[in-house]
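Participant: Task: produce atomic coordinates for the following.
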Amino acid sequence: MERMVDARGLACPEPVLLTLKEMKKGKGQITILVDAEVSKENVLRAAKREGWHVVSIERVGNDYRILIKCE
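Facilitator: Reported below is the predicted structural model:
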C-alpha cells in the first residue's frame with residue numbers, strides 16, 4: 001500500500017506535522033509532496049530525527065517528491 005502526504009500549498013509547519021502523523025501509523029515507505037524549499041528541508045530534518053531514511057528527493061516542476069523509508 002502506497003502512503004502519501006500531499007502538502008503542496010501548505011505553509012510550515014503543516015507539511016512536517018502531516019508527515020509526522022503519517023510516520024506514526026507505522027514503518028514502511030512514504031512519499032511526501034511539497035512545493036517549497038523550506039518545507040522540503042524541514043520534512044527531511046524531521047524524518048531523519050525520527051529515524052527514517054531518505055530514499056530519494058526528486059524535483060518535479062515546481063514541486064519536490066520525497067521518498068522516505070523505515071523498516
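
Participant: can you give me the helices for the protein?
Facilitator: Read by DSSP state H, the chain holds these helices, from start to end of the chain: 14-23, 37-49.

Participant: okay, these, which one's buried deepest?
Facilitator: Per-stretch averages of neighbours, counted by mean count of other CB atoms under 10 Å, single out helix 14-23 among the helices of the chain, with a mean of 18. Where you see a C-beta, it was placed from the backbone N, CA and C, and this is true even at glycine.

Participant: any weak-confidence spans in the chain?
Facilitator: 1 (pLDDT under 70).

Participant: center of it - which residue?
Facilitator: In the chain, the C-alpha closest to the average C-alpha coordinate belongs to I32, at a distance of 3.7 Å (CA atoms, centre = their mean).

Participant: Could you dump the helices of the chain into JSON lines with distance to D63 added?
Facilitator: Supplementary listing: the helices of the chain in JSON lines, determined by distance: least, CB to CB, whole Å:
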{"stretch": "helix 14-23", "distance to D63": "12"}
{"stretch": "helix 37-49", "distance to D63": "9"}
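
Participant: Nearest approach to L67 belongs to which of these?
Facilitator: Between L67 and these, the tightest spacing by CB to CB is seen for helix 37-49, at 10.1 Å.

Participant: what angle do that closest one and helix 14-23 make?
Facilitator: With axes from the mean of the first three to the mean of the last three CA atoms, to 10 degrees defining the directions, helix 37-49 sits at 30 degrees from helix 14-23.

Participant: My understanding was that the residue nearest to the centre of the chain contacts P15; is that so?
Facilitator: Yes. In this structure, I32 is within contact of P15 by CB atoms under 8 Å, at 7.2 Å.

Participant: Which neighbours do the two have in common?
Facilitator: V5, A7, V43 (CB atoms under 8 Å, 6 or more residues apart in numbering).
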